[in-house]
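Colleague: kindly generate the corresponding structure for this input.
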Amino acid sequence: MGSKGDLTLSLIGLSDLADELRSIKQRMDDTGQVDRALGHGELGSSEALDALDGFLHGWRDGRKEIDRGIDNVARMAQTVVDQLTKTDGDLAKALADHEHQRKSPAGTSR
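Modeller: Down below sits the predicted model:
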């Protein structure tokens with residue numbers, strides 16, 4: 001661990017977060033399948049089916065907003081991972097190039 005001012009971030013943890021968010025969204029998508037599996041007689045009274053239909057309709061409406069939020073956060077998390085990984089590779093290459101130049105005798109080309 002560095003000094004108090006150092007920024008630390010677990011890229012693996014952030015990547016896992018993006019994967020988990022996508023998994024949650026998939027499981028939420030799967031819960032919407034229950035309305036297709038139920039018929040009128042399976043819940044007993046028609047009021048129960050009407051109540052379930054009302055809930056599922058509201059669920060679908062709210063889900064659009066939830067889905068957009070999950071997609072956006074998962075995409076942002078993955079973008080951070082991708083960009084930091086690229087930056088880390090670029091910095092490592094620049095450092096290696098610099099070290100190589102420092103070790104080369106003066107006046108020689110690469």
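
Colleague: need the three-state assignment for D88.
Modeller: Three-state call for D88 (DSSP: H, G, I helix; E, B strand; the rest coil): helix.

Colleague: gap between it and L11?
Modeller: 9 Å (Cβ to Cβ, to the nearest Å). Just so you know, the C-beta spots here come from the backbone N, C-alpha and C atoms, and that holds for glycine as well.

Colleague: now do the same for stretch 30-49: mean pLDDT, whole number.
Modeller: What stretch 30-49 shows for mean pLDDT is 65.

Colleague: number of residues surrounding A77?
Modeller: 20 (other Cβ atoms under 10 Å).

Colleague: follow-up on the earlier one: more neighbours: D88 and L11, which one.
Modeller: L11 (14 against 11).

Colleague: ok so, going back, what is in contact with D88 and L11 at once?
Modeller: Counting by Cβ atoms under 8 Å, 6 or more residues apart in numbering, D88 and L11 have no shared contacts at all.

Colleague: for the protein, which element, helix or strand, carries the lowest mean pLDDT?
Modeller: Across the helices and strands of the chain, mean confidence by mean pLDDT, DSSP states H and E is lowest for helix 34-37: a mean of 55.

Colleague: A74 reaches Q26, doesn't it?
Modeller: No: using Cβ atoms under 8 Å, A74 is not in contact with Q26, being 11.2 Å away.

Colleague: can you map out the helices along this structure?
Modeller: Ranges of helices in the chain, per DSSP state H, are 11-31, 34-37, 46-103.

Colleague: for D71, which non-adjacent residue is spatially closest?
Modeller: K25 (7.2 Å; Cβ to Cβ, 6 or more residues apart in numbering).

Colleague: hang on, the earlier thing: quick one, which of A74 and Q26 is more surrounded?
Modeller: Legend: neighbour count by other Cβ under 10 Å for A74 and Q26, higher for A74 (19 against 9).

Colleague: and that one, how far is that from L21?
Modeller: Applying Cβ to Cβ to A74 and L21 gives a distance of 4 Å.

Colleague: with D6 instead?
Modeller: 27 Å.

Colleague: more neighbours: the two, which one.
Modeller: It is L21, of D6 and L21, that has more neighbours when counted by other Cβ under 10 Å, with 19 against 7.
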